[in-house]
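Peer 1: Quick one: sequence plus predicted model below, questions after.
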Amino acid sequence: MAKKNQTLGEFIIENQADFQYSSGELSRLINSIRLAAKVVNHEVNKAGLVDITGAAGEVNIQGEDQQKLDVYANDKFIQTLTNREIVCGIASEENDDFITICGQKEDHNNKYVVLIDPLDGSSNIDVNVSVGTIFSIYRRVTPMGSPVTIDDFLQEGNQQVAAGYVVYGTSTMLVYTTGHGVNGFTLNPAIGTYYLSHPNMQFPEDGNIYSINEGNYNHFPQGVKDYIKYCQNQEDGRPYTARYIGSLVSDIHRNMIKGGIYIYPKSSTSSNGKLRLLYECNPMAFIVEQAGGKASDGHQRIMDLKPTELHQRVPFFCGSKNMVEKAEEFMK
Ligand SMILES: O=P(O)(O)OC[C@H]1O[C@](O)(COP(=O)(O)O)[C@@H](O)[C@@H]1O
Ligand SMILES: [Mg+2]
Ligand SMILES: [Mg+2]
């Protein structure tokens, strides 16, 4: 039973038995993400100082200008995971292709692959608004001892063994699930320790917050336009409140605590929306569902979508169960 203020390290050891194939590797993997997040947190807190601000001068496969912190966070997570002999492959928003990690003995005998959005909400880095990191973990499907292939990464979200995010906000929190509920740990920066501050997080079934970039309203499908009008009309406790930070992790974290819905739909200018299925939507969907919320592409459960490409985008409807179901009604 999760004890409030237990440290993350204690929690990981105590809950190791939760993992079907428990051999300590997944615990070590979560521990290394914990470590990398602390290192990145230290840099994020300096955002605004010259050497860590602005674009890095490269464009990633998404066509986005990589920010210096995108590159820094990417390097730190890849380094930390590679050095710990637990992953056989990593895919990242900031890398065109997946990275094969063969291990010091070059035997390709590690079990897990990690998919990561090292820095989420990049447009908010230089304006001192909260940002995040998102991670998704799978057991490989190719045989041990052989190099990973794309098949190890193109798995349906319902096959995830763990997923989580770090939010670098007023405080830094690591929130994750291994399929046994969702727990949130707050970092005490003075001593560098995460404490269980949010045990067994529950997504309220209803809420009165809607999060969508209404600047794109004219390009939205009619169903989304109608749902926005529904959120704004003066009936049954509405209008809802509009809240949009522009960092997926922060918008969903807030809605998970207060109740609400986040929507990034497709539009006439982006036929599949903006968010990436493998390292944004699937991990957030696993967490949200484990907390009692819901996540779909407006029609189908996100975690049942069959991935076809590493960086594919999907429309994303995510949040309080009853609110997502209402929005899906409008999409019919
Ligand atoms: O500025 P827009 O179009 O509303 O997009 C905001 C969305 O894009 C993102 O910044 C995309 O993530 P990255 O910053 O990791 O590329 C989400 O965090 C956020 O929800
Ligand atoms: Mg992102
Ligand atoms: Mg990112």
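Peer 2: Right, received. Where do you want to start? Ligands and ions are numbered 1, 2, ... in the order given.
Peer 1: In which helix or strand does residue 237 reside?
Peer 2: In the assignment (DSSP states H and E), residue 237 maps to no helix and no strand.
Peer 1: Ok, residue 163 next?
Peer 2: With DSSP H and E as criterion, residue 163 is part of strand 162-168.
Peer 1: Contacts for that strand next, please.
Peer 2: 26, 29-30, 33, 37, 40-41, 44-45, 120, 130-137, 172-179, 249-250, 253, 282-284, 286-287 (C-beta atoms under 8 Å, 6 or more residues apart in numbering). In short, each C-beta sits where N, CA and C put it, glycine included.
Peer 1: pLDDT averaged over that strand, what's the number?
Peer 2: Averaging pLDDT along strand 162-168 yields 98.
Peer 1: on contacts alone, who are the packing partners of the next helix or strand after it?
Peer 2: Next helix or strand after strand 162-168 toward the C-terminus (DSSP H and E): strand 172-177. Packing partners of strand 172-177 (3 or more C-beta pairs under 8 Å, 6 or more residues apart in numbering; DSSP states H and E): helix 25-44, strand 162-168, strand 182-188, strand 193-198, helix 282-290.
Peer 1: Direction included, what does strand 172-177 pair up with?
Peer 2: Using DSSP bridges, the strands paired with strand 172-177 in its sheet are strand 162-168 (antiparallel), strand 182-188 (antiparallel).
Peer 1: quick one: low-confidence parts of this protein?
Peer 2: 1-2, 17-22, 50, 104 (pLDDT under 70).
Peer 1: just the strands paired with strand 172-177: most buried one?
Peer 2: The highest mean neighbour count among the strands paired with strand 172-177, using mean count of other C-beta atoms under 10 Å, belongs to strand 162-168: a mean of 27.
Peer 1: in what helix or strand does residue 142 lie?
Peer 2: Short version, using DSSP H and E: residue 142 is in no helix or strand.
Peer 1: Over to it: give its phi and psi.
Peer 2: Main-chain torsions, residue 142, degrees, to the nearest 10: phi -80, psi 160.
Peer 1: Tally up the residues packed near the closest residue to residue 206 other than its chain neighbours, please.
Peer 2: Closest residue to residue 206 apart from its sequence neighbours, by C-beta to C-beta, 6 or more residues apart in numbering: residue 322 at 5.0 Å. Residue 322: 16 surrounding residues under other C-beta atoms under 10 Å.
Peer 1: try residue 29
Peer 2: When counting by other C-beta under 10 Å, one arrives at 23 neighbours for residue 29.
Peer 1: Could you pull up phi and psi at the nearest residue to it once chain neighbours are set aside?
Peer 2: Counting by C-beta to C-beta, 6+ apart, residue 29 lies nearest to residue 86, which is 4.7 Å off, once chain neighbours are set aside. Dihedral pair for residue 86: phi -130, psi -20, per degrees, to the nearest 10.
Peer 1: Check whether residue 86 really touches residue 32, as I assumed.
Peer 2: Yes - when contacts are counted by C-beta atoms under 8 Å, residue 86 is listed as touching residue 32 (6.8 Å).
Peer 1: For the helix or strand containing the residue nearest to residue 206, which residues meet the burial criterion?
Peer 2: If you go by DSSP H and E, residue 322 is part of helix 321-331. By neighbour count on 16 or more other C-beta atoms under 10 Å, the buried set for helix 321-331 is 321-324, 327-328, 330-331.
Peer 1: which residues in the stretch 1-150 of the chain form helices?
Peer 2: Remark: helices assigned in the stretch 1-150 of the chain by DSSP state H, counting those that start in this stretch are 8-14, 25-44, 68-82.
Peer 1: Contact partners for the residue nearest to residue 29?
Peer 2: With contact taken as C-beta under 8 Å, 6+ apart, residue 86 is in contact with 25, 28-29, 32, 110-112.
Peer 1: Skipping adjacent residues, who's closest to whichever residue of the chain sits closest to ligand 2 in space?
Peer 2: Relative to ligand 2, the nearest point of the chain is residue 120 (3.5 Å; C-beta to the ion). Distance criterion C-beta to C-beta, 6+ apart; nearest residue to residue 120, sequence neighbours excluded, is residue 132 at 4.3 Å.
Peer 1: Wait, that neighbour touches residue 247, no?
Peer 2: Yes - counting by C-beta under 8 Å, residue 132 sits close enough to residue 247 to count as a contact (6.0 Å).
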